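Student: no sequence on hand, only this structure:
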């Protein structure tokens with residue numbers, strides 16, 4: 001295989017590994033920009049902070065999988081820091097969008113719930129990786 005072919009394959013793999021997290025981000029962004037009256041019933045039933053924590057737990061896991069790429073079992077500090085940094089910036093951008101959406105408001109508590117979800121994602125992936133590494 002030539003170096004051009006290898007580069008094309010690696011690029012395709014990177015794009016494929018990023019699709020789940022990008023799709024999830026698009027879904028969360030779309031849901032965050034909907035006025036409260038138009039939200040589906042299940043979204044209004046759950047606590048807003050719980051939804052934020054669950055969404056960012058999922059985001060954190062998906063992001064780590066995408067960022068690790070061909071090294072799915074990596075637990076590097078740079079991966080964890082980038083997960084929290086990208087997640088925090090994404091959470092902040094959602095709050096800005098909500099501030100501009102009629103019927104929605106930005107909340108520092110939402111951002112804290114996002115950070116809590118990211119922390120749970122780091123703990124979850126660390127725990128799962130620990131299970132596999134013990135075998």
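Tutor: Arrived safely, thanks for sending. Fair warning: this is a prediction, and the values are worked out from it, not measured in the lab.
Student: for the protein, where's the lowest mean pLDDT among helices and strands?
Tutor: helix 41-45 (a mean of 62; mean pLDDT, DSSP states H and E).
Student: any idea which helix or strand comes after it?
Tutor: Moving toward the C-terminus from helix 41-45, the first helix or strand encountered (DSSP states H and E) is helix 48-68.
Student: for this protein, what's the longest helix?
Tutor: For the chain, the helix with the greatest residue count under DSSP state H is helix 3-32.
Student: show me what counts as buried in that one.
Tutor: By neighbour count on 16 or more other Cβ atoms under 10 Å, the buried set for helix 3-32 is 17-18, 21, 24-25, 28, 32. The C-beta positions use only the backbone N, C-alpha and C, and glycine is treated the same way.
Student: same check on stretch 51-68?
Tutor: When neighbours are counted by 16+ other Cβ under 10 Å, the buried residues of stretch 51-68 are found to be 51-53, 55-64, 66-68.
Student: give me the contacts around it.
Tutor: With contact meaning Cβ atoms under 8 Å, 6 or more residues apart in numbering, stretch 51-68 is reached by 17-18, 20-21, 24-25, 28, 43, 72, 74, 79-80, 82-83, 86-87, 90-91, 110, 113-118, 120-122, 124-125.
Student: from the residues you listed, keep the buried residues only.
Tutor: Looks like the contacts of stretch 51-68 have 17-18, 21, 24-25, 28, 79-80, 83, 86-87, 90-91, 110, 113-115, 117-118, 120-122, 125 buried, using 16+ other Cβ under 10 Å.
Student: from residue 95, how far off is the residue at minimal distance from the centre of the chain?
Tutor: The structure's the chain has its C-alpha centroid closest to residue 59; by Cα atoms, centre = their mean the separation is 1.8 Å. Counting by Cβ to Cβ, to the nearest Å, the separation of residue 59 from residue 95 is 15 Å.
Student: again with residue 126
Tutor: To residue 95, residue 126 is 27 Å away according to Cβ to Cβ.
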